[in-house]
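# Need coordinates for the below:
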Amino acid sequence: MEYVTAVPHPRTVAVGSLRAGRLSLALALMFGALGAAVALLATRQQWSAGTATVAGGDFPLTASGSDVTGVPAALAIVGLAAMVAVFAVRRTGRYAVAALLALSGAGTLAAALLGASDSAALDEKAAQASGDTAATVGSLSHTAWPYAAAVGGALILLAGLLALRYGRFWPAMSGRYERAGAPRRAPAPLDPDRPEDLWKALDRGEDPTGGDKP
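Numbers count the residues shown, from 1 in each chain. Below is the predicted model:
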């Protein structure tokens, strides 16, 4: 008995890729924006506390995330810029920007974890408070905010990985952003087997499935 294996139609595959592109785009935007917001917020909070011994007794000291390291905040801003720039480029440029987005998230994550147990910022403040350059902080404690920044970095990293995997299915800035009065070229014929063409058709307000317009 001969069995026949059903092969999916290329157009069905293209529509499936289009849907995957939409979902991945929504997730990447959510992860990127939320991750950057969390990382930026976390760096403004208190990361560590301790005391310095001075003439009058113990002097309380605190250090915020920005005191400990400026890397997470800087890379979160880079990640936001890359998230926007990914729509302005195509092909190789899009892969490069997506890689930058992923690296920004990985760097934010690593820097936040390294800063979670750091005491250098408080040691410097202890030296300033006591007037002794060799002084170090005592009763050192840390908060959970460095780990919140690490979570923000992980979200940015996820956004970058989604951009690397599905970015080719995402739309790019179209001719609608050209200056007013500039002649517009006629759109190229739609190839239903190419997800990129389906995105372009949707961006022009057309129905890529061939149905009638509302």
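
# Which strand or helix spans the most centrally placed residue in the chain?
Residue closest to the average C-alpha location in the chain (C-alpha atoms, centre = their mean): residue 156, at 2.9 Å. For residue 156, the element it lies in under DSSP states H and E is helix 145-166.

# list the buried ones in that helix?
Using 16 or more other C-beta atoms under 10 Å as the test for burial, helix 145-166 gives 145-146, 148-164, 166. C-beta: built from backbone N, CA, C; applies to glycine.

# Was I right to think the residue nearest to the centre of the chain contacts residue 104?
Yes - Residue 156 is in contact with residue 104 according to C-beta atoms under 8 Å; the separation is 5.8 Å.

# can I assume residue 71 is in contact with residue 104?
No - the criterion here is C-beta under 8 Å, and residue 71 misses it with residue 104 at 10.3 Å.

# Of the two, give the one with the bigger neighbour count.
residue 104 (30 against 19; other C-beta atoms under 10 Å).

# if I pick the residue lying closest to residue 163 once chain neighbours are set aside, what's in contact with it?
Leaving aside its sequence neighbours, residue 163 sits nearest to residue 98 (C-beta to C-beta, 6 or more residues apart in numbering; 3.5 Å). Neighbouring residues of residue 98 by C-beta atoms under 8 Å, 6 or more residues apart in numbering: 82, 86, 160, 163, 164, 167.

# Of those, which one scores lowest on pLDDT?
Here the lowest pLDDT out of the contacts of residue 98 sits on residue 167, with 84.

# now that one: how far from residue 121?
Counting by C-beta to C-beta, to the nearest Å, the gap from residue 167 to residue 121 is 38 Å.

# Repeat that for residue 157.
Taking C-beta to C-beta, one finds residue 157 at 25 Å from residue 121.

# any idea where the strands of the protein begin and end?
For the chain, the strands defined by DSSP state E cover 46-54, 57-64, 138-142.

# Run through the bridge partners of residue 141.
Beta-bridge pairing for residue 141 (DSSP bridges): residue 49.

# Would you agree it is in contact with residue 48?
Yes - at 6.7 Å, residue 141 counts as touching residue 48 under the criterion of C-beta under 8 Å.

# Neighbour count: these two, which is higher?
residue 48 (25 against 11).
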